[in-house]
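> sequence and computational prediction follow.
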Amino acid sequence: MSVSGDQPAEPSAWAIERFGQQAGPFAAAVPVQLAKAHAKAHAAHLAAGLKKRSPYGVALAGVVRGNLAETARELGESVRDVRGYEYAVTNDHALFPFRYADKPRPPDRARLPSNASPTRRRLFRAHGPQSPVGLFEVDGGLTTEEYLGLHEAFEELGASTRLVCVFFTADAENGIHVIHWGGGSPRTGPHLHVALQGTAPGRSSAA
């Protein structure tokens, strides 16, 4: 598993500002947990024996969320259930893993599909960057109630909780290519992103 960027000696100021004393542990754990998630998803891919409609992507997304939630529990931090999905939360920041490509791509290429689920749309409207101009296309068919609902914070997360995206690229054959985390959105691209260093278990990492 390869990750882009130069390896810093300590967690970045950006990470410390958001995660406090847990910045280092989370920075070290995220690449390891993604590598573990890939291994499980790859096993599902091989078991299915399918080149098209492989279960790799769906399996990877689910395992990554679960692994990050488990890391939060191990560090004594919170895990919040939103519509059946668990998210790691620390210092009023929730980790949102997002695989934006199956080939190595810079994080400013990250985009959420136009057919994103209502839950994802609401997560970024209510918990993403403040005043996210152009974050999502406004559907002219939405009623006022539906439009306002997209801006309503999830009670499970709390109104003050903000999203931190874990942007990464991966494919079944080659594993995880690059990992960044940042405070932007998978619609307009990250507003600020930091290369998250780390490799497979047993190698050091921090960002």
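Cool, the structure landed.
> the longest helix in this structure is where?
Secondary structure of the chain per DSSP state H: the longest helix is helix 23-48.
> please state the offset of the next helix or strand after that helix from the chain centre?
Next in sequence after helix 23-48, counting helices and strands by DSSP states H and E, comes helix 56-74. Chain-centre distance of helix 56-74: 10 Å, with C-alpha atoms, centre = their mean, to the nearest Å.
> what's the first helix or strand after helix 56-74?
Counting by DSSP H and E, what follows helix 56-74 is strand 78-82.
> which strands border that following strand, and is each parallel or antiparallel?
strand 85-90 (antiparallel) (DSSP bridges).
> ok, and what's touching the partner strand?
Contact with strand 85-90 is made by 19-20, 22, 26, 65-66, 68-69, 71-72, 75, 77-81, 94-96, 119, 157, 161, as judged by C-beta atoms under 8 Å, 6 or more residues apart in numbering. In this view, the C-beta of every residue, glycine as well, is placed from N, C-alpha and C.
> at 7 Å what do you get?
19, 22, 65-66, 68-69, 71-72, 77-80, 94-96, 157, 161 (C-beta atoms under 7 Å, 6 or more residues apart in numbering).
> grab the CA positions of that strand and hand them over as PDB.
Extracted C-alpha coordinates of strand 85-90, given in PDB (Å, rounded to 0.1, in the frame of the first residue of the first chain):
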ATOM      1  CA  TYR A  85     -24.000   3.600   9.700                       C
ATOM      2  CA  GLU A  86     -21.400   4.100  12.500                       C
ATOM      3  CA  TYR A  87     -19.100   7.100  12.400                       C
ATOM      4  CA  ALA A  88     -16.000   7.800  14.500                       C
ATOM      5  CA  VAL A  89     -16.300  11.200  16.300                       C
ATOM      6  CA  THR A  90     -13.700  13.000  18.400                       C
END
